[in-house]
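Undergrad: model the following, please.
(one chain, ligands or ions: 2)
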Amino acid sequence: MIQINPPKYVRQILFGLQARGHLAYLVGGCVRDVIMDMTPQDWDICTSALPEEVMELFPGSKPTGLKHGTVTVTVGSRSAEVTTFRTEGDYRDHRRPDSVTFVSDLITDLGRRDFTINAIALSVDGMISDPYDGVKDIQKRVIRCVGDPKLRFTEDALRMFRALRFSARLGFTIEYDTCEAINDCAPLAAELAPERVRDETEKILLTSRPETIGAAISFGLMKRYISGTGWKSPNFADIAAMPRKALSRWVAFAIMLRKYGYIPSAHDFLAELRLDGRTIRCCADAEQMLSAELPEDTLGWKKLLNRYGVDSVSCAVQASTVILGVDREKELKAVLKSGECFSLKHLAVTGDDLLSLGLKGPDLGEMLKFLLEYVMEYPDNNKREILLELAKYSEES
Ligand code: ATP
Ligand code: MG
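TA: Numbers count the residues shown, from 1 in each chain. Ligands and ions are numbered 1, 2, ... in the order given. This is a model prediction of the structure:
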């Protein structure tokens, strides 16, 4: 018996299903985390109830993945995913099952799950169902496929990334046959949608073992995006020194790949992986900044901040420390903390002020630019009266 203490809303869902005569268990990551004495991030429930029965029982629940039997049940302000026991048909595209069949028994459902450590179910009174010895594998700190690893990776190539992700997150080793199967099945990863590869890569980069992404590259899981072999192996472990934020970690990862010749362009690499515009822009900016010397004085920093924005400059400076070993973080922090103006947002006059002086169109834009440059050089003069005087004087002369 395992002591569990799920939050009240989770117990309400489990009891609600049981009261109607359905089977209902906690399953997947939350069970793994409870056994490891970790706090679960979310609580997944599996049940013999059909999706429409779950929806009827919990009004306001949403059919978030009805095709796969998943309903998001909300109790108060909290929600949990409730998935009907299921088995899966063939996976002809190595990505998604051709069909899904709902079943009434838990063991069949556990058999379609990816790894033994994720194929453990727990009833609300602490009874455990562990047909694939997942608890033993948790104790041995091993990631092992449920069933034949080659078959499981051929069904769904994303599982290879998931194996590496769990290994990175939990510090587990990947069992020999599972590892061999990743080696053999790696080319199938090329068929995965870029968004899914992006999401898994990001999760790996955000762990405390981002170097695991190096294993994904060595296995060939990212060949579609990283075709070069590079002239030196980057130390991906250094990425852990970047803030635990997706933006920072992607920027460091892409710049490292580019620096060591793995990819011809960080911008194209991130765009192919469907990263958002902000990440792509910050990365391109950071690359450009790092190709020159970082500023030597406050004015230089302010000009850089004005041109690229705080996000990009911060990323560039973090990457400089981590990748180039040149630490300029204190200087940047001091400039940011000083509150000195480097953008129109903080200029003591606005476009409206200049309009009232009779300026308009391109002249107004030019004047704002001039005043901002002036204020960056003379920060103490960022005062409305001084700047209006200056604008008037410059206009007249
Ligand atoms: P996390 O803590 O990151 O949420 P998790 O184990 O809960 O980890 P999820 O992606 O939330 O992972 O999936 C929930 C469960 O669904 C997994 O534990 C696993 O049993 C099953 N699962 C998810 N994706 C797959 C897959 N691609 N193939 C097989 N089973 C999967
Ligand atoms: Mg989960």
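Undergrad: correct me, but residue 295 touches residue 306?
TA: No. Using CB atoms under 8 Å, residue 295 makes no contact with residue 306, being 11.6 Å away. The C-beta positions use only the backbone N, C-alpha and C, and glycine is treated the same way.
Undergrad: quick one, strands of the stretch 101-250 of the chain?
TA: Counting by DSSP state E, counting those that start in this stretch, the stretch 101-250 of the chain has strands at residues 121-122, 128-129, 142-143, 173-174.
Undergrad: show the average pLDDT along the helix or strand containing residue 305.
TA: Following DSSP states H and E, one finds residue 305 within helix 298-308. The pLDDT scores in helix 298-308 average 96.
Undergrad: so which bits of that helix are buried?
TA: Buried positions in helix 298-308, judged by neighbour count with 16 or more other CB atoms under 10 Å: 298, 299, 301, 302, 303, 304, 305, 306, 308.
Undergrad: can you count the residues close to residue 43?
TA: 25 (other CB atoms under 10 Å).
Undergrad: returning to what we had before: tabulate the strands of the stretch 101-250 of the chain (a markdown table), appending mean pLDDT, mean neighbour count and distance to ligand 2.
TA: Converted to a markdown table, those look like this (pLDDT from 0 to 100; neighbours: other CB atoms under 10 Å; distance: least, CB to the ion, whole Å):
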| stretch | mean pLDDT | mean neighbour count | distance to ligand 2 |
| --- | --- | --- | --- |
| strand 121-122 | 96 | 23 | 14 |
| strand 128-129 | 96 | 16 | 18 |
| strand 142-143 | 98 | 22 | 16 |
| strand 173-174 | 98 | 18 | 20 |
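Undergrad: could you dump these to TSV with distance to ligand 1?
TA: Below are these laid out as TSV (distance: least, CB to the nearest ligand atom, whole Å):
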stretch	distance to ligand 1
strand 121-122	10
strand 128-129	13
strand 142-143	11
strand 173-174	15
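Undergrad: contacts only, for the closest residue to residue 201 other than its chain neighbours.
TA: Counting by CB to CB, 6 or more residues apart in numbering, residue 201 lies nearest to residue 213, which is 6.4 Å off, once chain neighbours are set aside. By CB atoms under 8 Å, 6 or more residues apart in numbering, residue 213 lies in contact with 164, 201, 204, 205, 236, 239, 253.
Undergrad: wait, isn't the second one in contact with residue 214?
TA: No. Because the distance of 11.7 Å does not satisfy CB under 8 Å, residue 201 is recorded as not touching residue 214.
Undergrad: re the thing from before, with just CA atoms, put the helix holding residue 305 into CSV.
TA: C-alpha atoms of helix 298-308 as CSV (Å, rounded to 0.1, in the frame of the first residue of the first chain):
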residue,chain,number,x,y,z
THR,A,298,27.1,53.0,-19.9
LEU,A,299,26.3,54.9,-23.0
GLY,A,300,27.3,52.0,-25.1
TRP,A,301,25.0,49.7,-23.1
LYS,A,302,22.1,52.1,-23.4
LYS,A,303,22.6,52.3,-27.2
LEU,A,304,22.5,48.6,-27.4
LEU,A,305,19.4,48.4,-25.2
ASN,A,306,17.8,51.0,-27.4
ARG,A,307,18.6,49.1,-30.6
TYR,A,308,17.8,45.5,-29.5
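Undergrad: and residue 355, what pLDDT?
TA: pLDDT, residue 355: 88.
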